[in-house]
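Visitor: Below are the sequence and a predicted model; questions follow.
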Protein chains: 2
Amino acid sequence: MVKLDPWGSAQVKSYKKLMKEFGIQPFSEILNKLDDPHPYMKRGIIYGHRDFGRVAEAMKKHEKFAMMTGFMPSGKAHLGHRMLMDQIVWYQKKRALVYVCIADVEAYTVRRISRKDCLKFGMDYLAYLAAMGLDATKAVLYFQSGKDGKYHAFSKLAARKVTFNELEAIYGSLTPGKIVSALTQVADILLPQLEHGAMPTVVPVGSDQDPHMRLTRDIAARTKAEYGFILPSSTYHKFQTGLDGGKMSSSKPSSFIALDEDEKSIKKKVMNAVTGGRITLEEQKKLGGNPDVCTVFELFAYHVEKNDKELNRIYDECKAGKRLCGPCKKECAEKLAAMLKDLNEKKEVEKERIKEFVVLPDGA
Amino acid sequence: MVKLDPWGSAQVKSYKKLMKEFGIQPFSEILNKLDDPHPYMKRGIIYGHRDFGRVAEAMKKHEKFAMMTGFMPSGKAHLGHRMLMDQIVWYQKKRALVYVCIADVEAYTVRRISRKDCLKFGMDYLAYLAAMGLDATKAVLYFQSGKDGKYHAFSKLAARKVTFNELEAIYGSLTPGKIVSALTQVADILLPQLEHGAMPTVVPVGSDQDPHMRLTRDIAARTKAEYGFILPSSTYHKFQTGLDGGKMSSSKPSSFIALDEDEKSIKKKVMNAVTGGRITLEEQKKLGGNPDVCTVFELFAYHVEKNDKELNRIYDECKAGKRLCGPCKKECAEKLAAMLKDLNEKKEVEKERIKEFVVLPDGA
């Protein structure tokens, strides 16, 4: 059985199995409903969804809809966070009402992050998000602990709608902190509708967050009579592989690239990254490389190369043995370093400016 | 073992056993620290306490202190509620900063009371409290669900400080609703200090609420470094016996007298009440009655007779066989009816006036 733990370390071996067991639909089936899909949708990085149809329809008909998602403030901002930021900005450009939650209650109660660090990491993520292009004046950006009474009240009232058995079936082992945190996430996901009335809402998440979606959809259904919720939709993206070929983890610096990583370190990490290259140069020229298992190709696909044709060209060149790992890594590292340099310059500006648009944590 | 369940039906067979098992101190030991104790303290109705010494000292030295307590909005206001109201008003006269919570989160999540009924019952209790003499302009009166984010944030952060084992040891069987409700009560009890800084706080409660006190004191100790809490104190009062000799329960109308009970019904209930009288009139005149097991004497002691000398006279007359049940019941019923008539007249005035001083429930 596929076991998903939103509080554990994210790694999913088989996305197909996951879809089958939890009833997540393949995104490819719905791709043609969108006039201008996000690159991740076309590239199969966003691979699955629940009920995205009603969001696609709202986009097509120019009807109101919301995009809600969150960040766990548990460490330095890195490329994994950038994936989600990219989607958030895209949804705002598609006229979504954007809600972004910094899950400090969860980080504090379940992951044991200090409240000071929650604030520091969370503000950092939001500054990068603004640097990526989010218009903070039109978005709702908040820390869970700083939100108002109505929001917290709903999360408490939701406790009446669930049993231990249901929570255990969804989350596995429980602690008081996990229960409180799960109910808080339910309120997060329903917050756009609590504040602005019923509307389609999409929650772009990594697969490990699906348990929260299932619980929220159950509770939304059970409180529909009173609150009139439309069941929230979700999309699921793949996790970027760690540069060392294992899991991308903030406890292994060689596995990820931080958004504020310096140029020298970026180059070093990319040059050492695990690729789909062959053992010898001769072999690679003869047989071609394997971009499908290459962390450098992932860097192009997830972050560096925005143009689909260019990305396909890189893929084909690699397969044909015309693109060798040395120069390919060099190109990738240079483009990534330039992109992050630009991002950090913008972030320095946004860092101060964003403060007035954020619902800060309790006590901050 | 004595088992206390704050969500169950309150009945305590042996207060002594309770004190021994849970470390509640006899109130009699501390009575002399008060210049002007509440009648319940002198009459042994308030029989136990935890750390009341620091509250008595604050009262004596005219230092700031708080009184915090709550009502579960689960049914019509009756004499049981009046007991607590009487103490609240007394503490305000002794210059306590008064906090009164209507536990609607608890009533909704654990007792399954509708939100509409929570509001109706809760506002009714508060109107009676004002009619009893509380100055609402100087008190904090609130529904749990309507309180602000800071309050809810603290109750969530408290989740990190407890384990299932601890909650099970304190509360017995758990549900998600009970966990959320218990953590909400912790925030209630610490709210005066969260809002106004460290100070002695007394929580007058029935014995069944002691589990919340133990949990709160544990969490206050564990968060002392960050919040600087003084561990809250508590007093414990006995439960008034039902007029039918059993448990006073809102599901058995013959067991209690509602605060809005009409005169005819009051008289009927008192005339049918279980007393400490003998089988025959002759026997009673010869042997005397037993006021210690008489629900009518309880009515005098808990509600009707404010003067201690008069109360002692009633007790002695009964013991001596000079006071017979018929006339005694009649006297009690008439005095009680007059008292409640006066209370309801005042309540009609307060009903509207109090609204602006109450933090209403979420959505109301």
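Guide: Now that the structure is in, tell me what you want to look at. Predicted model, so just to flag it, every value in this text is computed and none were measured.
Visitor: Show me the strands in the stretch 1-150 of chain A, by range?
Guide: Assigned by DSSP state E, counting those that start in this stretch, the stretch 1-150 of chain A shows strands spanning A:25-26, A:46-50, A:66-71, A:97-102, A:139-143.
Visitor: export those strands to CSV and tack on mean neighbour count, distance to chain B and mean pLDDT?
Guide: Every residue, glycine included, has its C-beta placed from N, CA and C. Formatted as CSV, the strands of the stretch 1-150 of chain A follow (neighbours: other C-beta atoms under 10 Å in any protein chain shown; distance: least, C-beta to the nearest C-beta, whole Å; pLDDT from 0 to 100):
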stretch, mean neighbour count, distance to chain B, mean pLDDT
strand A:25-26, 14, 29, 94
strand A:46-50, 22, 24, 95
strand A:66-71, 24, 15, 97
strand A:97-102, 24, 13, 98
strand A:139-143, 23, 9, 97
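Visitor: I'd like to check the angle between the helix or strand harbouring A:T216 and strand A:66-71, please.
Guide: If you go by DSSP states H and E, A:T216 is part of helix A:210-222. Relative orientation of helix A:210-222 versus strand A:66-71 (axes from the mean of the first three to the mean of the last three C-alpha atoms, to 10 degrees): 140 degrees.
Visitor: List of residues touching the helix or strand just after helix A:210-222?
Guide: Following helix A:210-222 in sequence order, the next helix or strand is helix A:224-227 (DSSP H and E). With contacts defined as C-beta atoms under 8 Å, 6 or more residues apart in numbering or on different chains, helix A:224-227 is touched by A:L190, A:Q193, A:L194, A:A220.
Visitor: beta partners for the residue found closest to A:A139 once you drop the neighbours it is linked to in the chain?
Guide: Spatial nearest neighbour of A:A139, chain neighbours left out: A:V98 (4.0 Å); criterion: C-beta to C-beta, 6 or more residues apart in numbering or on different chains. Taking DSSP bridges as the rule, A:V98 bridges to A:M67, A:A139.
Visitor: helix/strand/coil for the nearest residue to A:G228 once chain neighbours are set aside?
Guide: The spatially closest residue to A:G228, leaving aside those adjacent along the chain, is A:A198, at 4.8 Å (C-beta to C-beta, 6+ apart). Assigned with DSSP: H, G, I helix; E, B strand; the rest coil, A:A198 falls in the coil class.
Visitor: And A:G177, by the same measure?
Guide: Of the three states, A:G177 takes helix under three-state DSSP.
Visitor: Name the helix or strand for the closest residue to chain B within the stretch 251-364 of chain A, please.
Guide: Using C-beta to the nearest C-beta, A:D362 is the residue of the stretch 251-364 of chain A that sits closest to chain B, at 3.7 Å. Taking DSSP H and E as the definition, A:D362 sits outside all helices and strands.
Visitor: ok, it - contacts?
Guide: By C-beta under 8 Å, 6+ apart, the contact set of A:D362 is A:F143, A:S145, A:G146, B:G149, B:K150, B:A153, B:F154, B:L157.
Visitor: now do 6 Å
Guide: A:S145, A:G146, B:K150, B:A153 (C-beta atoms under 6 Å, 6 or more residues apart in numbering or on different chains).
Visitor: just A:R111 next, same as before
Guide: Here A:R111 is in contact with A:S74 (C-beta under 6 Å, 6+ apart).
Visitor: So what does it look like in phi/psi?
Guide: The phi/psi pair for A:R111 (degrees, to the nearest 10) reads phi -90, psi 0.
Visitor: Quick check: it vs A:D51, distance?
Guide: Going from A:R111 to A:D51 by C-beta to C-beta, to the nearest Å gives 29 Å.
Visitor: can you dump the C-alpha coordinates of stretch A:347-355 into CSV?
Guide: Extracted in CSV, the C-alpha atoms of stretch A:347-355 (Å, rounded to 0.1, in the frame of the first residue of the first chain):
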residue,chain,number,x,y,z
LYS,A,347,13.8,39.8,-3.4
GLU,A,348,15.9,42.4,-1.7
VAL,A,349,13.4,45.0,-2.8
GLU,A,350,10.4,43.0,-1.9
LYS,A,351,11.7,42.0,1.5
GLU,A,352,10.7,45.2,3.2
ARG,A,353,7.8,46.1,0.9
ILE,A,354,5.9,42.8,1.5
LYS,A,355,5.7,43.2,5.3
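Visitor: re the thing from before, could I get the contacts of A:D362 as JSON lines with distance to A:E106?
Guide: Listed next are the contacts of A:D362 as JSON lines, based on distance: C-beta to C-beta, whole Å:
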{"residue": "A:S145", "distance to A:E106": "10"}
{"residue": "A:G146", "distance to A:E106": "14"}
{"residue": "B:K150", "distance to A:E106": "18"}
{"residue": "B:A153", "distance to A:E106": "13"}
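Visitor: Counting neighbours, which of the residues you listed comes out on top?
Guide: Counting neighbours by other C-beta atoms under 10 Å in any protein chain shown, the top entry in the contacts of A:D362 is A:S145, with 31 neighbours.
Visitor: got the residues of chain A near chain B?
Guide: Within chain A, the positions near chain B by C-beta under 6 Å from any C-beta of the partner chain are A:105, A:109, A:145, A:147-150, A:152-153, A:156, A:159-160, A:162, A:176-177, A:179-180, A:362.
Visitor: Could you pick out the buried ones from those?
Guide: Listed as buried from the residues of chain A next to chain B are A:105, A:109, A:145, A:147, A:149-150, A:152-153, A:156, A:159-160, A:162, A:176-177, A:179-180, A:362; burial here means 16 or more other C-beta atoms under 10 Å in any protein chain shown.
Visitor: Next, the residue of the stretch 151-300 of chain A found nearest chain B: phi, psi?
Guide: Nearest residue of the stretch 151-300 of chain A to chain B: A:H152, at 3.1 Å (C-beta to the nearest C-beta). A:H152 adopts backbone torsions of phi -70, psi -40, taken as degrees, to the nearest 10.
Visitor: my read: it touches B:K150, true?
Guide: No. Applying C-beta atoms under 6 Å, one finds A:H152 not in contact with B:K150, separated by 9.7 Å.
Visitor: care to break chain A down by domain?
Guide: As recorded under automatic domain parsing, the domains making up chain A are A:15-242, A:253-349.
Visitor: I'd like the distance between A:E352 and A:G133.
Guide: Plainly put, A:E352 is 18 Å away from A:G133 if you go by C-beta to C-beta.
Visitor: more neighbours, these two?
Guide: A count of neighbours by other C-beta under 10 Å puts A:G133 above the other of A:E352 and A:G133, at 14 against 9.
Visitor: can I assume the more buried one is in contact with A:I88?
Guide: No. Using C-beta under 6 Å, A:G133 is not in contact with A:I88; the gap is 9.3 Å.
Visitor: what's the neighbour count on the residue nearest to A:P291 when sequence neighbours are not counted?
Guide: Among residues not flanking A:P291 along the chain, A:F297 sits closest, at 4.0 Å (C-beta to C-beta, 6+ apart). Residues lying near A:F297 (other C-beta under 10 Å) number 24.
Visitor: which element is A:F297 on?
Guide: According to DSSP H and E, A:F297 maps onto helix A:295-299.
Visitor: Same check on A:E334?
Guide: Using DSSP H and E, A:E334 sits in helix A:325-353.
Visitor: Show me what that helix packs onto, helices and strands only.
Guide: helix A:115-131, helix A:263-271, helix A:295-299 (3 or more C-beta pairs under 6 Å, 6 or more residues apart in numbering or on different chains; DSSP states H and E).
Visitor: Listing request: residues of chain A with sub-threshold pLDDT.
Guide: A:1-13 (pLDDT under 70).
Visitor: Nearest to the middle of it, which residue? Look it up for me.
Guide: With distances taken as C-alpha atoms, centre = their mean, A:L84 lies nearest the centre of chain A, 3.5 Å away.
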